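Asks: Below are the sequence and a predicted model for it; my questions follow.
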Amino acid sequence: MDSAKEIWERALGELQLQVSRANYTTWLEKSCGISFQKGIFVVGAPNAFVAEWLIKRLHSLIRKTLTQITGTNVDVQFIVHDKEQLQSSSLASASQTDGGTSTKARIDRFNPRYTFSNFIVGDCNRLAYAATVETVENPGHTYNPLFIYSSTGQGKTHLLHAIGHRAVDNGLCVTYTSAEQFTNEFIKAIKQKQVEDFRGKFKNTHLFLFDDMQFIINKKQTLQCFFQIFSELYNNNRQIIITADHHPKDMAPLSDKFKSHLEWGLIASIQPPDLKTRLAILSTKAQEMALAVSDEVLQLLAKRTWGNIRQLEGALIYLTARAKLIRAELTPQIVNMLLTSTTAKKGANLILQTVADYFNLSTEELRGDTRNRKIALARQIAMYLMKEEDNCSFTEIGKLLGNRSHATIIYGHRKIATQITTNPKLHRQILEISEKINPH
Ligand code: ADP
Ligand code: MG
């Protein structure tokens, strides 16, 4: 069975096709799959407002999606996902984790699907790709350390595993560890008073692959141990490759000295894939999964998906499964039909009226020039909801709201979008208004 994290990534791939892009970015993008046990799937939201919104607005859609993916009836719970808390809970289970630094375990850890040959190269990841190939052909010479950063699902782990396969083929000794496994093993070593042995395990490796470094930047002792290993390997000309979710300079808890060590070699970012790369990825994945999908459908899908690569995969699987269910061939028409569910227009005028009623104002006041605080806020909420709920263009909204400029609307929309997840009162108001707009 896939992990909760993977199931959720797939679910996000499906959900992004069923909600508006703005709703996806505001409410779903930062969520994560926490656990899946005894039919209960726990979704983590970055804060209480987002969790509440998901419960109120997307509960049944999420439930349906997870039920389809897992093939069993799923109950969904939402919790506020506190990174620190999660990290300490994974520390608590440290002793159950396999030490896993024997050569066999290392080789087994490389996912057979993550190779250089099935990694699609585009402008978004060209440098990272070229640099990783170089490190395994010429370890310790060209770029050392190599530091790769990107947001989640953009291929960092894939590249590290690809290095692993190639290194084994080249007869090199290679060690892959995620920062989380590293932490678990380190804690175990402390308990058993075997820290020296633990550090010694890395001594003979030619390539040291360290995945998701962000996990340890707040863990002082683990970080210290990591840098001792790093320095020793570096001084012996061993190749070090690190991935993380940010550039070292944006990892605040690290000291300047650590940061500068990380910057000694090459730092390469991976950007979200552009349209052309998305298309290439989708068509390779369709081939890998032996799905019969026409070029036309792949083009359409590449245009309509914008999530990370794991989610692209999810979207593809979702559509093929849905088409099968209704016994239809996956044509562009069927794709469009399957994708239209929740994004139907409600009408900007209805939104304007509902916002006006909620604040006891008239729609003329919202369209007019008065700038008192209450009216200005109501006006900006109307801008926000017209975009989110109705997907109106900024120009359309400007026209509807008394010929306001495009820039004014963008400003108003952005202001509400940033405040909504941190300001409880505003959040509640918007929830109440959007419930009036969508009574079901
Ligand atoms: P990250 O480690 O950055 O979170 P992963 O390496 O786990 O991301 O990638 C997520 C999924 O997307 C994997 O299934 C991986 O094979 C796929 N993937 C990512 N980038 C590419 C790419 N350029 N070509 C093909 N598949 C990719
Ligand atoms: Mg990864």
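Replies: Arrived safely. Since we're looking at a predicted model, the values are computed, not measured. Ligands and ions are numbered 1, 2, ... in the order given.

Asks: Okay, and the residue most central in space within the chain sits in which element?
Replies: The centre of the chain sits closest to Thr152, judged by C-alpha atoms, centre = their mean, with a distance of 4.3 Å. Assessed by DSSP states H and E, Thr152 sits outside every helix and strand.

Asks: How about Val43?
Replies: According to DSSP H and E, Val43 maps onto strand 40-45.

Asks: contacts for that strand?
Replies: 4, 7-8, 30-36, 51, 54, 62, 66, 70, 74-81, 86 (C-beta atoms under 8 Å, 6 or more residues apart in numbering). (C-beta placed from N, C-alpha, C; glycine too.)

Asks: next one: stretch 426-439
Replies: Identification of contacts with stretch 426-439 by C-beta under 8 Å, 6+ apart yields 49, 52-53, 56-57, 346, 350-351, 354-355, 357-358, 381, 384-385, 389, 416, 419-421.

Asks: same deal with stretch 68-80?
Replies: 7, 10-11, 14, 34, 36, 39-48, 51, 54-55, 59, 62-63, 66-67, 318, 321.

Asks: circling back to that earlier point, just the buried ones among the contacts of strand 40-45, please.
Replies: The neighbour count (16 or more other C-beta atoms under 10 Å) marks 4, 7-8, 31-34, 36, 51, 54, 62, 66, 70, 74, 76, 78, 81 as buried among these.

Asks: Please name the residues that touch the residue in the stretch 101-250 of the chain that ligand 2 sits nearest to.
Replies: The nearest approach of the stretch 101-250 of the chain to ligand 2 comes at Thr157, 3.2 Å away (C-beta to the ion). By C-beta under 8 Å, 6+ apart, the contact list for Thr157 reads Tyr114, Asp211, Thr243.

Asks: I'd say the first one and Ala162 touch.
Replies: Yes: using C-beta atoms under 8 Å, Tyr114 and Ala162 qualify as a contacting pair, with a distance of 5.7 Å.

Asks: Show me which of those two is the more surrounded one.
Replies: Ala162 (23 against 18; other C-beta atoms under 10 Å).

Asks: can you tell me the helix or strand for the nearest residue to that one once chain neighbours are set aside?
Replies: Sequence neighbours aside, Phe116 is the residue nearest to Ala162 in space, at 4.4 Å (criterion: C-beta to C-beta, 6 or more residues apart in numbering). Using DSSP H and E, Phe116 sits in no helix or strand.

Asks: Make residue 1 into 2 and carry on from there
Replies: I'll keep to 2 as the first residue from here, and by that count the last item is Phe117.

Asks: Hmm, Arg167 and Phe117 touching each other?
Replies: Yes: using C-beta under 8 Å, Phe117 is in contact with Arg167, at 6.5 Å.

Asks: what's the overlap in contacts for the two?
Replies: Residues touching both Phe117 and Arg167 by C-beta under 8 Å, 6+ apart: Val134.
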